[in-house]
Every structure is written in structure tokens, then in C-alpha cells.
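Q: Sequence below, structure please.
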Amino acid sequence: MTTPQIVEPVRYGNLRNPRRPGVAGLSLAATVLAGSSALAVVTSMMAFNLATAGVVLVVAVVVLAPLVQTDREGRIGYQRIVARLRHRRAAKAGRTTYVAGPASTGTPDGRTRLPGLAAATELLEGHDVYGTPFAVLHTKATDHYSVVFQGEADGDDLVDQSVTDAQVAHWGGWLARLGQEADVAAASVTVETAPDPGTRLTRMIRGHQQPGAPEFAATTLDEIVANYPSASSIITTRIAMTFTGKARSDETRRSPAQMLEYLARVVPGYRNHLRVTGAGTSVRMMSAADLTDAIRVCFDPSVSQLVDEQRAENPNGTGLTWSEAGPAFAQEHPDRYAHDGAFSMVWQMRQPPTGVFTDTVLKALLAPHPDIARKRVTIIYRPESAEAAATIVERDVRDANTIMTGKARAQHRDSTALRAANKAASEEAEGAGLVRFGMIVTATVTTEAGLQRAASTINQLSAPVKLRLRLARHNQAAAFTAGLPLGLVLPAHLLLPDMLRDAL
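A: Residues are numbered from 1 along each chain as shown. Below is the predicted model of the structure:
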């Protein structure tokens, strides 16, 4: 008799926040500003008088205080002030309300285009080397081209732990590969859960049901068709890859035709690699019709069943164009987003799970929940190049050493941070990639009264895994759009580069 071998799940961790530390726990920007302020006060005392130095000191404190003080969601004062002022100015100018369609004066052609960051996007369609059509979303403002894959994730039920560990390892290899490709700007994974309208089940049962079937069997099938969808959900996984339109050599922009030709060659390799990561063996590239219909349902969940029924009759899609995928009405509020009769709240990740964790850390957050009609969890990845990764990990080691040596009594978290920085540098030297990542969680309900329950549910699901989320206050519309499987790269739309944001 042999004893079955129990495979312990692999533990993961060593997630680091790309923040430049300063002195006495301050950020690098606060440290520089405090040092400059002290120098200005001393200079005023020497060049003028004590009263002038006092005025300079008061001004310095007023300027420094919003940079030092953070709220319970981790935002500094300047972030709160700027977000509030921008939203107030946009509301005053009428830019927080979007009206499209035949009754709108803003869209004379009667179309319902996507609002906000996705307004200037163009949907193209190419064919890979095997002749398979695939959609390419061109974001003109940043000259990015996004390709979206759709997978049928296998899940972890009745799957051996060794198989799961292998899938996670392949996923890590897929992410590391992104940093080795100079044309890849970002990638994202969107897991969406929604009620099952029962269209596919009904079609399958009716298509196989025989006219002369026994009465008991026919009655049983009728009950399944009527009752099963009310307690089931659809889980959809979509992976977006974003490529830059700039050429590697001379930074010249490539035309859309050149990018379609380039993507037709490289995209199938990424698709084939995804099939061993747990995304499912049926991973495929979404066509223009697939992506259009999916985004239309995101803005108006009430048409979900109609879209499914139409696609059941016509595999080529509903016939909607990209200029008709947006909402007819949308309005942004500081803490919610209303769109075509639905209401959404959007959160962004403030801090990833701390310590070590297993591959099931996000299982509860990704699973369907009865209190939320539609839920999207989008993890966004931005790979660092090999050169940048080496610089970043070495800088982290120096910063951790500086904190350790700069204190008379180093705390346990300081020594832990130093060990983590050394481990990251060692892994990078052995060929591992370095990837920035974030998370956007969107909860959509059909009534405004359901928003409070949805917010409470999201907080409950994220708390056990020590995942800290914060509401995207005064930024709900942009965060909602960024959480869609469109491959938008938010930092590319910002004025501040990563270096300055890390210093805040």
C-alpha cells in the first residue's frame, strides 16, 4: 500500500511598492521640499530679518503639509485637492454628463460613441498568418494598438496542485516575455462575472430535444431551462495586449497598415502561450464584432440577453459598429458612474496583498456574488525593459540599505524590506522580469439603491486577503473605462512621468 503524496501549494510574495523613500519616513518629494524650505528659512534670517524668516517658514509649512498628510485611503492632500478641483471644473463646464444618439446635439450623426478616454479610439481588423480575423483597437492619443484574447478559464476544481503550480509558472513566463519585447507597452486581464441569461443553455437543449421524448424527460428539461439560469453566472476572461506604434530604431510612427502586418506575425505566439497558463485551451483572438458587442453590454447590461440571442442566430455578431458601442447617456459623480440605466462604482488598488500568499488569494474577489449584477476585476501589467529592471532593483537595494543604516535602531520591517530587495535583485540577475501592476474593480448594479450593498460586498471580499482598495473618487468615468478590456494605458495619458509619481 502506498501513501498518497500531498503537494503543498507554492507561496508567492515579494510585491514591492515603487516609492522612493526619503528621510524620517517622508517621501522623496517631501524630503527635498523640507530641505529646501529649511535652507530658505536660514537664508532669510541671514539676508533679511527674523520676521521675514517667519513668513517664509509659514509659507513652507502650508506648502509642505498637503504633501505629508495622507487620508485613510493613502492619498496625499495635493491628490485630493487636484482631483476635487478638476471634477468641479468639469461639472461646471458640463463635461461630466455625456449624451449621445439621435437626440443629442453633441453627436450630429446620431451615433453612440464611447465617452472619455476611449472617444478617440478606432477599431481595426486584421488577419493573422493563419487567416483568423482579430480586432485591433488603435488609441490615437498615445499611438497604442491593443489586441484582445478571450479565454475559457478552466478553474481549479478537480485540478491537481502540481498542475496549478505549472500554470502559474507559465503565466509568470508569459509576463516575463512582455518585458523582452520592446513593442509591448502593457497587458491586462479582465475577469467579468454576470448573470447567465440562459440563452446558450436553451439553444443547446432545444436543439437536441426529440419530438417523441418521454413526458417526464421533456418536463424535466423544461424546468431546467426555466430555473437553472436564475442561479448561475457566466465568467468571462479577456486578456488585452497593448503594443506601441513607435518603431524600435528611429522612434518613427508606424502606420496602421504596418502595425496590422506586424501584429499578424507576433500575436499567434502569445495566444499559443496563453493556452498553458490556465486561460483555457480554446483561447482565441476577439474579432471586431466580438469586442463591439462585449463593450456595448458593459455600458448597458439590460441588452445582454438580446445580444446573446442575436449572436446565437448570427455568429458574426449583432451588426453594431464601433461608433455604436457606447452609451446613450452617462453621468459621472464623485463616487459613482451612471450609464444607460445602470450604476457602477469603481475601486483601484492601493496596496497589494502583503506577505506571502497562494494562488487562490483572489478567488473570492473573482467569484460571482448575488449582490452585484456584473463585476469586473482587471489586473493591469506594465513590463519594465531589461535595462530599466536592472536599474530599479539596484536602486531598491540602495534605498533599503540607506534606511537601515540611517536609523539608530532599525525596525523589523526595515530588515524585511532589505531582504526582499536583495531577493528581487538576485532573481532579476537570474533572468526574471520586473512588472508594474495595478488593479481596477468595477461593481455594476441595476438600481442606485444597490450601490451601497455592492460597496459593502467589495470591502468584505478584499479584506481577508489584505488587498487594500480605494474608491476612485472624482475619477469614476476614467477608471470605469480603464477597467474595460480595451488595453488602455493610463500613465500614458498623464502629464507626470513615473519617476515623479514614485517620489510623491
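Q: Not counting stretch 381-401 itself, show me its contacts.
A: Under the contact criterion CB atoms under 8 Å, 6 or more residues apart in numbering, stretch 381-401 has outside partners 16, 18, 20-21, 175, 178-180, 182, 184-189, 414, 417-418, 420-422, 424-425, 428-429, 433-437, 489, 491. To be clear about C-beta, it is placed using only N, CA and C from the backbone, and glycine gets the same treatment.
Q: how about a cut-off of 6 Å?
A: Contacts with stretch 381-401, where a contact means CB atoms under 6 Å, 6 or more residues apart in numbering, come from 21, 178-179, 186-187, 417-418, 421, 424-425, 428, 434-437.
Q: mean confidence score for it?
A: Here stretch 381-401 scores 83 as its mean pLDDT.
Q: Phi first, then psi, for Tyr98.
A: Main-chain torsions, Tyr98, degrees, to the nearest 10: phi -120, psi 120.
Q: what bridges to it?
A: Ala330 (DSSP bridges).
Q: how many other residues sit next to it?
A: Tyr98 has 24 neighbours, counted by other CB atoms under 10 Å.
Q: tell me the pLDDT at it?
A: pLDDT, read off for Tyr98, is 91.
Q: isn't it right next to Gln331, touching?
A: No: applying CB atoms under 6 Å, one finds Tyr98 not in contact with Gln331, separated by 7.2 Å.
Q: which ones are touching Thr164?
A: 156, 359.
Q: Is it correct that it falls within a strand?
A: No: under DSSP: H, G, I helix; E, B strand; the rest coil, Thr164 sits outside any strand and is assigned helix.
Q: Per-residue pLDDT of it, please?
A: 87.
Q: for Val297, same thing?
A: So, for Val297, pLDDT stands at 94.
Q: And the contacts of stretch 381-401, which of them are buried?
A: Buried members of these, counted by 16 or more other CB atoms under 10 Å: 21, 178-179, 186-187, 417-418, 421, 424-425, 428, 434-435, 437.
Q: Backbone dihedrals for Tyr145, both of them.
A: Per degrees, to the nearest 10, the backbone of Tyr145 is at phi -130, psi 120.
Q: Could you check how far it is from Arg253?
A: 11 Å (CB to CB, to the nearest Å).
Q: State the distance from Val361 to Glu192.
A: 19 Å.
Q: again, but for Thr142
A: Counting by CB to CB, the separation of Thr142 from Glu192 is 24 Å.
Q: so Glu122 makes contact with His138?
A: Yes: with contact defined as CB under 6 Å, Glu122 counts as touching His138 (4.5 Å).
Q: Between those two, which is the more surrounded one?
A: Legend: neighbour count by other CB under 10 Å for Glu122 and His138, higher for His138 (18 against 13).
Q: So, low pLDDT: which residues of the stretch 301-450 of the chain?
A: Applying pLDDT under 70 to the stretch 301-450 of the chain flags residues 406-414.
Q: which residues of it fall in helices?
A: 304-313, 363-366, 386-405, 412-429 (DSSP state H, counting those that start in this stretch).
Q: So for Ala449, which of those helices sits nearest?
A: When the helices of the stretch 301-450 of the chain are compared by CB to CB, helix 304-313 sits nearest Ala449, at 20.8 Å.
Q: Of all the residues in the closest one, which ones are buried?
A: Applying 16+ other CB under 10 Å to helix 304-313 flags 304-305, 307-308, 310-311 as buried.
Q: If we only consider these, which is nearest to Asn475?
A: Ser304 (26.5 Å).
Q: Leu124 bridge partners, please.
A: With DSSP bridges as the rule, Leu124 is bridged to Val136.
Q: typo on my end, Thr444
A: Beta-bridge partners of Thr444, as defined by DSSP bridges: Ser344, Arg374.
Q: tell me the contacts of it?
A: 342, 344, 373-374 are the contacts of Thr444 under CB under 6 Å, 6+ apart.
Q: and which of these is nearest Phe149?
A: For these, with Phe149 as the reference and CB to CB as the criterion, the closest is Arg374, at 20.3 Å.
Q: So that closest one is in contact with Pro301, correct?
A: Yes: between Arg374 and Pro301 there is a contact under CB under 6 Å: 5.5 Å.
Q: how about the helices of the stretch 101-250 of the chain, start to end?
A: 161-180, 199-208, 215-227.
Q: Deepest-packed of those, please.
A: Ranked by mean neighbour count under mean count of other CB atoms under 10 Å, the helices of the stretch 101-250 of the chain are led by helix 161-180, which reaches a mean of 16.
Q: out of Thr142 and Glu192, which sits in the more crowded spot?
A: Glu192 (25 against 19).
Q: any chance of the helices of the stretch 301-450 of the chain in JSON lines, with distance to Thr481 too?
A: JSON lines is the format used below for those (distance: least, CB to CB, whole Å):
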{"stretch": "helix 304-313", "distance to Thr481": "19"}
{"stretch": "helix 363-366", "distance to Thr481": "21"}
{"stretch": "helix 386-405", "distance to Thr481": "27"}
{"stretch": "helix 412-429", "distance to Thr481": "32"}
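Q: Of all the ones you listed, which one is nearest Ala478?
A: The minimum distance between Ala478 and the helices of the stretch 301-450 of the chain falls on helix 363-366, with 21.7 Å, by CB to CB.
Q: Outside of that closest one itself, list whatever touches it.
A: With CB under 6 Å, 6+ apart, helix 363-366 has contacts from 191, 377, 461.
Q: And stretch 470-482, by the same measure?
A: With CB under 6 Å, 6+ apart, stretch 470-482 has contacts from 73, 83-84, 87, 116-118, 332, 334, 337, 344, 346-348, 350, 440, 488, 490.
Q: measure that stretch end to end?
A: In stretch 470-482, first residue to last residue: 15 Å (CA to CA, to the nearest Å).
Q: for the record, mean pLDDT for that stretch?
A: Rounded mean pLDDT across stretch 470-482 is 93.
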